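Participant: Sequence and predicted structure below; questions after.
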Amino acid sequence: MKNIILILTVISLQFSCNKKYDNPPANEVPVGEIISIGDLKDMFTGSVTVIDSNYSIVGNITTEETNGAFYKEIYMEDLSGAIKIQLKASGGLYIGDSIRINVKDVTMSEYGDLIQLDNIDVDQQVVKIATEKFVEPFESSINQLSINEDQSRLVKLNDVEFTEMGMTYADAINLTTGSRILSDCNGNTISVRTSGYANFADDTLPSGKGSVIGIFTIYNSEKQFVIRDINEVKLDSARCNGSSGGGGSGSGSC
């Protein structure tokens, strides 16, 4: 009897060890027809627009959510332009990721005239093609930025300075967004918007002149700018009036 039980136990263990489990189904995001970001934005009708064709767009990510400056949103760029993408859930995409998004049945809308894709599900609609495909910022001046052509683009502004002195980027205590004015030496201005959740929100604005990299956005007819990383703020040269500057070479939070 003991021998029979032993044999049955060995057979049971063999079946358990050899049992094969089905792999979870692969997430196959349809490709459809690949179009440019510019072509996609041209489909926008001026009100909420549903993309009813099987299209995909391919491009590189220029922002991420790791430092609190952005939340449940990314910006994506190809050679034809750039677009803001609202995410269904936070996380999963980073600066330099090259991705494809299937946009069939996705809605395209605008917030303050800034065109965006709504409620993208990273798990179901996005395929990551490669990493470390970094976009070089487009160098421009405040007055040359086009509200239509350059919106959502990664931009580098040269020879600019903050008009406020001694203020912080935002209110890190009450976690409210700050709006600060960046100016060039000709008096052209752009509003810099910073989330109170950004890890550099309580950093003091640099007092010098220099360059800033960020995302060019708009709200109605107002030009706006969002810094993605404090280390891309390099304002440590003499100001437009000749006074000395400083404190703007990425010395804030990491």
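Facilitator: Structure received.
Participant: Could you list everything the residue nearest to S141 when sequence neighbours are not counted pairs with in the sheet?
Facilitator: Excluding its sequence neighbours, the residue lying closest to S141 (CB to CB, 6 or more residues apart in numbering) is D184, at 6.3 Å. No exception for glycine: its C-beta is placed from N, CA and C like everyone else's. Beta-bridge partners of D184, counted by DSSP bridges, are V160.
Participant: what's the distance between D184 and L235?
Facilitator: 12 Å (CB to CB, to the nearest Å).
Participant: go on, V127?
Facilitator: 39 Å.
Participant: quick one: which of the two has more around it?
Facilitator: L235 (23 against 17; other CB atoms under 10 Å).
Participant: Whichever helix or strand Q224 is part of packs against which elements?
Facilitator: Element membership for Q224 (DSSP states H and E) is strand 222-227. Judged by 3 or more CB pairs under 8 Å, 6 or more residues apart in numbering; DSSP states H and E, the packing partners of strand 222-227 are strand 189-194, strand 209-219.
Participant: Out of those, flag the one nearest I35.
Facilitator: Of all these, it is strand 209-219 that lies closest to I35, at 22.4 Å by CB to CB.
Participant: Let's verify L182: helix, strand, or coil?
Facilitator: With DSSP: H, G, I helix; E, B strand; the rest coil as the basis, the three-state label of L182 is strand.
Participant: per-residue confidence at it?
Facilitator: L182 is assigned 98 on the pLDDT scale.
Participant: and it, how many residues sit next to it?
Facilitator: Neighbours of L182 under the rule other CB under 10 Å: 24.
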